[in-house]
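Enquirer: Below is the structure, and that's it, no one-letter string:
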């Protein structure tokens, strides 16, 4: 229902988006996931009409909206730092879109009360944003965006400014809200756990391009590029291939396809054990084992063991390029 | 800019704000270096230099008794001067509200060659002696005006002089607020369907109002007491272009210090009222900040 | 909000027109009128004995008033930002008074204290000290009007940087004076500098209060600003312009200093 094709955007010399195309299905919750500077916020803002692309098209519900002003796109936008109208009460904030459309007073009041109920801020009508916590402000911002019944809901790192616990709670709450309200939602985040936990579909972005689009499961199990694999979970390199640490089997004796390694450190993480090993060529790798297994093997520092991949052949990575050196952060997307 | 330090929430907070930490916390090292002795000496300095003389004005104003005070303050000329002073100062404040906000907007949101230069020049009325300002305006808008505009010895001349000296107040008061204004608020309003005029009216302006009013109050206070820039161009015609400060000056020169003190006391009260208003505005403006 | 082009242009034109008519053109005109008759005439005009004496007096008064108020300003700023005592609101209001009170009232107030019929009039006369109609009066008036600048610039700086660094210095063994000298003072130096520049400009530019207090005995109690007024009253227009141009030049230099410092402060050059 949202379809962007061939979007390119430059800010001066800096290329924020490079020929980006994406389909967002109706009613889905799609995450744009990537590190800072990957272009995800720019993409979101172009879809919302807050920026315009140099090249490319934005089609929403079949209509070309590329040069349509944000006021007329029927979108709701939620910002990382809430963008609360700090001089207005919670009620006036949520009612804003409706009063702009000159809806009758009682209709507005009813809608505001209903929405505040949905977001769990019933009774807060007369408070001011400065009297609310961060999480509450963001819920108010959501209510405000939903008040105008948008066709599309756009969220730009909505939980970025909140503490970990609040973030986790709010993320779950957002998923439930989505299932109740069912508006097509596009969420920008750099937190892969967040994306994996609540999105129907994830578009992974890096350096102004989309690397891969798929369900969380697809991306995790069948990553198409080393970047995607690394971004979505821990990765260990065995020889020529990339494997997940939990797909590595440890044995005391050599097996077909196994590599020799020496135990450098054994870390007990409660229910599982992480073994840090050094391969023959000096490379350091990590293996995750359940506790029972680790006990059976009686791993000690200095032991020689053998490791091999137990991932499915189709999931084995092709030889990957050498890991690039850390690059300085570009402007955050 | 010193003017804005009177207007922003900072200054409101600088009075009576409790520092962090409980009573058990040791006094800050810098405080201990100057300590109570420093404060005492500084307060003494303030008292001798400022408070002592100003209180002399109030006291001396009653030298001839309450009757004489009242007569001095309500004489035809005194009242005429006061009325004119207040009216022209209000007009100055009003024009500054509109013009100053507009200029501040252009300086913050617009881009054109030489903007930095223009921005720096705004502070010139702060730095230029008032008598020079008066001479300058007389040259341009007086009898030998190169542009053919002669408003010397008129009430308009007083207004123009006051507009010059009060130019920076509203501008410098509004600029920082405009710069700090969260553009995301405007974008949120955009996304909710508001057009520019609505966004300005309901989002931008309400956040600027405290700063605008503070700047206007400062401009008003300055205008009420202004002397140097007016004295040349207005002609000081009693009952027409004479402002209270000039009237007081005349009283002093004609050796009527008690009457001068009486009218001055009235002016002092106006100044104090405006000062309190500005502090209140500062606090009001910061009420939604967190 | 992105204002559309037409509006943007109109606003810009109105703003620049207002500034032009009120600010740019008048100031430009002063320099033009001054140098209309050539550089030599101007130079002569500002090097007459009266002019030189006025310049010296202005300088002298400034050099007394500014350091005293700077010292006051720093001490008071520390007291306001770091100390804990009651009456801050009142003191703050009093410090703002020189901003809000008319210069004529300021002049009168000094006359009423230090003049012949003033509170200290008798005592001063007996001691043979003349304040009003003499230099000390001008000094007092100038100190009065320039009092708030340093304290108003330094107090917010002190509040903003907080006393963490000072606390750290204390834990490392620095005594109160050392902490002040090596931590606090460097942190506030731009605030102090800016306040000093503003004070100097104010001192040089004061007119109303010194008008009342000086008695205008030419050559003795004329500051530069009073000189402009005197020359104008004596129909020496060229002379008035010349002195004005000098003052305007000083003002522009002040402006330059202010702008440069502002930029430095914004770039965090502490």
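Expert: Great, that's in hand. Worth saying up front: this structure is predicted, and the values here are computed from it rather than measured.
Enquirer: Might you list the low-confidence residue ranges for the stretch 51-200 of chain C?
Expert: Counting by pLDDT under 70, not a single residue of the stretch 51-200 of chain C qualifies.
Enquirer: For whichever residue of it sits closest to chain B, give me its contacts.
Expert: The stretch 51-200 of chain C approaches chain B most closely through residue C:102 (2.8 Å), counting by Cβ to the nearest Cβ. Backbone N, C-alpha and C define where each C-beta goes, glycine included. Applying Cβ atoms under 8 Å, 6 or more residues apart in numbering or on different chains, we find residue C:102 in contact with B:224, B:225, B:226, B:227, B:244, B:245, B:248, B:264, B:267, B:271, C:208.
Enquirer: Then residue C:257?
Expert: Neighbouring residues of residue C:257 by Cβ under 8 Å, 6+ apart: residue C:197.
Enquirer: Please work out how many residues are found near the residue nearest to residue B:175 when sequence neighbours are not counted.
Expert: For residue B:175, ignoring the flanking residues on the chain, the nearest one in space by Cβ to Cβ, 6 or more residues apart in numbering or on different chains is residue B:104 at 4.9 Å. Other residues near residue B:104 number 26, with proximity taken as other Cβ atoms under 10 Å in any protein chain shown.
Enquirer: Then residue A:125?
Expert: For residue A:125, the number of neighbouring residues by other Cβ under 10 Å comes to 17.
Enquirer: Next, find the distance separating it from chain B.
Expert: Separation of residue A:125 from chain B (Cβ to the nearest Cβ, to the nearest Å): 16 Å.
Enquirer: my read: that residue touches residue A:88, true?
Expert: No. Taking Cβ atoms under 8 Å as the contact criterion, residue A:125 and residue A:88 are not neighbours in contact, 11.2 Å apart.
Enquirer: Which single helix of chain B contains the most residues?
Expert: The residue-count maximum for a helix in chain B (DSSP state H) belongs to helix B:76-109.
Enquirer: for that helix, the distance to its chain's centre please.
Expert: Computed by Cα atoms, centre = their mean, to the nearest Å, the chain-centroid distance of helix B:76-109 equals 10 Å.
Enquirer: Mind listing what's buried along it?
Expert: Neighbour-count burial for helix B:76-109, with 16 or more other Cβ atoms under 10 Å in any protein chain shown as criterion, is recorded at B:78, B:80-82, B:84-86, B:88-89, B:91-93, B:95-97, B:99-109.
Enquirer: Could you list every helix and strand that that helix packs against?
Expert: helix B:115-121, helix B:155-180, helix B:205-225, helix B:244-253, helix B:257-285, helix C:5-19 (3 or more Cβ pairs under 8 Å, 6 or more residues apart in numbering or on different chains; DSSP states H and E).
Enquirer: Please repeat the previous calculation with a cut-off of 6 Å.
Expert: Using 3 or more Cβ pairs under 6 Å, 6 or more residues apart in numbering or on different chains; DSSP states H and E as the contact definition, the elements that helix B:76-109 packs against are helix B:155-180, helix B:205-225, helix B:244-253, helix C:5-19.
Enquirer: any chance of the ones you listed in JSON lines, with mean neighbour count and distance to residue C:256 too?
Expert: As requested, the helices and strands packed on helix B:76-109 are exported to JSON lines (neighbours: other Cβ atoms under 10 Å in any protein chain shown; distance: least, Cβ to Cβ, whole Å):
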{"stretch": "helix B:155-180", "mean neighbour count": "24", "distance to residue C:256": "16"}
{"stretch": "helix B:205-225", "mean neighbour count": "25", "distance to residue C:256": "24"}
{"stretch": "helix B:244-253", "mean neighbour count": "23", "distance to residue C:256": "31"}
{"stretch": "helix C:5-19", "mean neighbour count": "14", "distance to residue C:256": "18"}
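Enquirer: of the ones you listed, which approaches residue A:76 most closely?
Expert: Between residue A:76 and those, the shortest separation by Cβ to Cβ is 22.8 Å, and it involves helix B:205-225.
Enquirer: which residues touch that closest one?
Expert: Here helix B:205-225 makes contact (Cβ atoms under 6 Å, 6 or more residues apart in numbering or on different chains) with A:87, B:7, B:85, B:89, B:92-93, B:96-97, B:101, B:162, B:166, B:169-170, B:173-174, B:177, B:245, B:270-271, B:274, B:277-278, B:281, B:284-285, C:100, C:102.
Enquirer: if I look at the residue of the stretch 51-200 of chain C closest to chain B, how far off is residue C:156?
Expert: Noted for residue C:102: a distance of 27 Å to residue C:156, by Cβ to Cβ, to the nearest Å.
Enquirer: Next: residue A:62.
Expert: Using Cβ to Cβ, residue A:62 is found at 56 Å from residue C:156.
Enquirer: The two: which is more packed in?
Expert: Looking at residue A:62 and residue C:156 with other Cβ under 10 Å, you find the greater number of neighbours at residue C:156, namely 20 against 7.
Enquirer: What residue, apart from its backbone neighbours, is nearest residue 239 spatially?
Expert: Since no chain was named, I'll use chain A. With Cβ to Cβ, 6+ apart, the residue lying closest to residue A:239 is residue A:259, at 6.2 Å.
Enquirer: wrong one, I was asking about chain B
Expert: Skipping the residues right next to it in sequence, residue B:239 comes nearest to residue B:80 by Cβ to Cβ, 6+ apart, at 4.8 Å.
Enquirer: What of residue B:142?
Expert: residue B:152 (4.1 Å).
Enquirer: Number of residues surrounding the one you found?
Expert: The number of residues near residue B:152, taken as other Cβ under 10 Å, comes to 19.
Enquirer: any idea which residue of chain A is furthest from its center?
Expert: Relative to the C-alpha centroid of chain A, counting by Cα atoms, centre = their mean, residue A:253 is the outermost residue, at 41.0 Å.
Enquirer: what about that one, which helix or strand?
Expert: Element membership for residue A:253, per DSSP states H and E: none, as it lies in no helix or strand.
Enquirer: check contacts around the spatially closest residue to it that is not a sequence neighbour.
Expert: For residue A:253, the nearest residue in space outside its immediate sequence neighbours is residue A:306; the separation is 6.5 Å by Cβ to Cβ, 6+ apart. Taking Cβ under 6 Å, 6+ apart, we find residue A:306 in contact with A:251, A:254, A:258, A:260.
Enquirer: Please type out the PyMOL selection for whichever of the residues you listed turn out to be buried.
Expert: Selecting only the buried entries of these in PyMOL, with 16+ other Cβ under 10 Å as the criterion:
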select buried, chain A and resi 258
